[in-house]
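1. Okay, sequence plus prediction incoming.
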Amino acid sequence: MNLLFNNITVLPMTASLADEEKYFEASVGVQGKRITMVTRDADEVARFREACCGDLREVDGRGKLLMPGLINTHCHVAMTLMRGYADDIPLMEWLNGKIWPYEALIDRNDVQLGAELGIVEMLRGGVTTFVDMYWYEEAVADAAEKLGIRAVLSPCFVDDRMEAFEEDLPATVAKAAKCDRLSVMIAPHAPYSCSEANLRRAAELSEEYGLPITIHLAETHDEERQIRERYGCSPVEMIDGFGLLKEGTIAAHCVHLSDSDRRTLLERGVSVAHNPQSNMKISSGIAPVVRLLDEGVNVTIATDGPCSNNDLDMWEEMRSASFLQKLSAGDPCVIPAYELLRMATVGGAKAIGRGDELGQIKEGMLADVIVLDMEKPHLYPRYDVVANLAYAAKASDVDMVVVNGEVLVDGGDVVGVDEMDLCRRVEKRAKELDAMVK
């Protein structure tokens with residue numbers, strides 16, 4: 001089915017921050033997986049209709065806005081199973097005392113169940129691509145294939161999971177190769193949870209398979225202290241020495257960085273996944289986002305896992321990112337509204353190596369787009385649509401989500417999913433796991 005978004009407000013994310021016209025009214029056509037028309041010409045729209053030969057769904061754009069789908073660059077989606085399970089605890093105590101004992105009990109089926117719940121939540125909020133980091137990533141792949149979202153699968157390891165990771169990696173790579181919505185990264189968990197030998201092995205596997213790296217990096221003061229005591233350098237310097245920082249690497253958090261660390265990230269072509277709500281909740285600190293952006297580092301927006309946030313709402317995450325930086329810098333001008341939206345779309349696409357196909361609305365790009373219902377009290381008046389999106393829009397404003405040309409959310413509901421049945425199954429399994437841990 002081809003799609004025509006007719007007479008709709010379009011925010012294509014092709015403008016620069018300095019450009020005056022960032023959004024406009026137009027008609028946008030989708031044929032197959034790609035955007036094939038962006039026009040204000042009625043005759044061109046008529047020709048598009050003819051070319052579709054009746055195989056066309058028209059979307060009335062009045063009161064609606066079309067923009068690229070959001071890209072969540074760091075997530076542990078299956079941790080929806082642990083939402084509300086371990087709160088108000090320092091990171092290391094959270095990991096060692098709560099999360100890792102719980103995760104020792106979960107299996108492949110649990111991961112798929114949790115992933116399905118998280119993907120439904122993300123789709124409803126306008127996320128069209130997410131970068132996941134977890135165990136049993138084949139199960140996350142199954143959930144993503146079932147629900148239609150685009151996913152970057154990042155099989156993760158800590159030292160005691162290294163053997164299982166190496167055994168599972170070929171199957172995950174093979175599975176992703178069969179679906180054009182799936183790709184793979186290699187994910188050593190963090191500098192403090194992986195030995196030097198295993199971090200070096202991750203770099204070798206990255207070269208062997210031609211896969212990029214994603215890793216938690218410089219998240220807390222504890223991490224900084226541990227690595228300096230063990231290696232005599234910063235976490236950034238440490239993993240750079242092991243060959244993990246390079247073009248295509250996504251480093252999650254990057255809260256505690258020296259001037260030298262920031263230069264290294266820029267020189268290596270590393271993208272940063274900024275998770276402001278998780279950083280606030282776990283009291284990790286405030287990432288130097290303004291400095292990173294000013295220096296040219298690609299900074300993106302991410303939610304982290306639903307056990308440390310506790311939701312997967314990218315609109316809240318964008319708002320938190322901006323407000324936290326304004327407060328920290330003592331400057332209300334930093335991270336303006338359009339920059340936020342750019343970080344969550346164009347920046348995310350660049351981070352996953354898909355900047356030529358995702359993150360913007362223009363002819364030839366993949367049709368990963370979302371429609372927001374702008375006829376909401378909190379989105380009036382409309383002095384500045386961009387500011388309304390960045391500072392007032394909510395996940396519940398998302399009316400339609402299209403990935404690869406397929407409609408996945410329609411009228412605010414995920415197509416073909418019995419959400420309450422899914423929620424009940426998650427609740428049942430969560431109670432079983434909780435009883436096992438206790």
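-> Thanks, I have it. For clarity, every value in this text was computed on a predicted model and none was experimentally measured.

2. if I look at the nearest residue to Arg150 once chain neighbours are set aside, how far off is Glu357?
-> Closest residue to Arg150 apart from its sequence neighbours, by C-beta to C-beta, 6 or more residues apart in numbering: Thr129 at 4.1 Å. In this view, the C-beta of every residue, glycine as well, is placed from N, C-alpha and C. Counting by C-beta to C-beta, to the nearest Å, the gap from Thr129 to Glu357 is 11 Å.

3. can you check Val299 too?
-> Relative to Glu357, Val299 is positioned 21 Å away (C-beta to C-beta).

4. Tell me which residue is most central in the chain.
-> Relative to the mean C-alpha position of the chain, the nearest C-alpha, by C-alpha atoms, centre = their mean, is the one of Asn72, at 1.0 Å.

5. That residue: which element?
-> Using DSSP states H and E, Asn72 maps to strand 70-75.

6. does Glu375 sit in a helix, a strand or a coil?
-> Of the three states, Glu375 takes coil under DSSP: H, G, I helix; E, B strand; the rest coil.

7. for it, phi and psi?
-> phi -90, psi 60 (degrees, to the nearest 10).

8. Is it in contact with Asp60, as I believe?
-> No - using C-beta atoms under 8 Å, Glu375 is not in contact with Asp60; the gap is 12.0 Å.

9. now what about stretch 39-51, what contacts it?
-> Stretch 39-51 has contacts (C-beta atoms under 8 Å, 6 or more residues apart in numbering) with Leu4, Asn6, Phe24, Glu25, Ala26, Ser27, Gly29, Gln31, Thr36, Met37, Leu56.

10. Closest one of those residues to Ala176?
-> Nearest to Ala176 among those is Gln31, at 25.5 Å by C-beta to C-beta.

11. OK, contacts around that closest one?
-> For Gln31, the contacting residues are Asn2, Ala51, Cys52, Gly405, by C-beta under 8 Å, 6+ apart.

12. do the same with Arg230
-> Applying C-beta under 8 Å, 6+ apart, no residues qualify as near Arg230.

13. same deal with Val131?
-> Contacts for Val131 (C-beta under 8 Å, 6+ apart) come out as 71-75, 151-152, 154, 185, 214, 250, 273, 302, 351-352.

14. Specify the beta-bridge partners of Met400.
-> Beta-bridge pairing for Met400 (DSSP bridges): Val371, Asp410.

15. Enumerate every residue touching it.
-> Val59, Ile370, Val371, Val407, Val409, Asp410, Gly411.

16. right, and the third one touches Ile8 too?
-> Yes - between Val371 and Ile8 a contact is recorded at 7.4 Å, counting by C-beta under 8 Å.

17. anything in contact with each of those two?
-> Common contact partners of Val371 and Ile8 (C-beta under 8 Å, 6+ apart): Val59, Lys64, Leu65, Leu66.

18. quick check, the last one in a helix?
-> No - with three-state DSSP as the criterion, Leu66 is assigned strand and is not in a helix.

19. That one: what's it in contact with?
-> Leu66 makes contact with Phe5, Ile8, Thr9, Val10, Leu11, Val28, Ile361, Val369, Ile370, Val371, according to C-beta under 8 Å, 6+ apart.

20. buried sites along the host helix or strand of the second one?
-> Read it as Ile8. Using DSSP H and E, Ile8 maps to strand 2-10. Neighbour counts over strand 2-10 (16 or more other C-beta atoms under 10 Å) mark Asn2, Leu3, Leu4, Phe5, Asn6, Ile8, Thr9, Val10 as buried.
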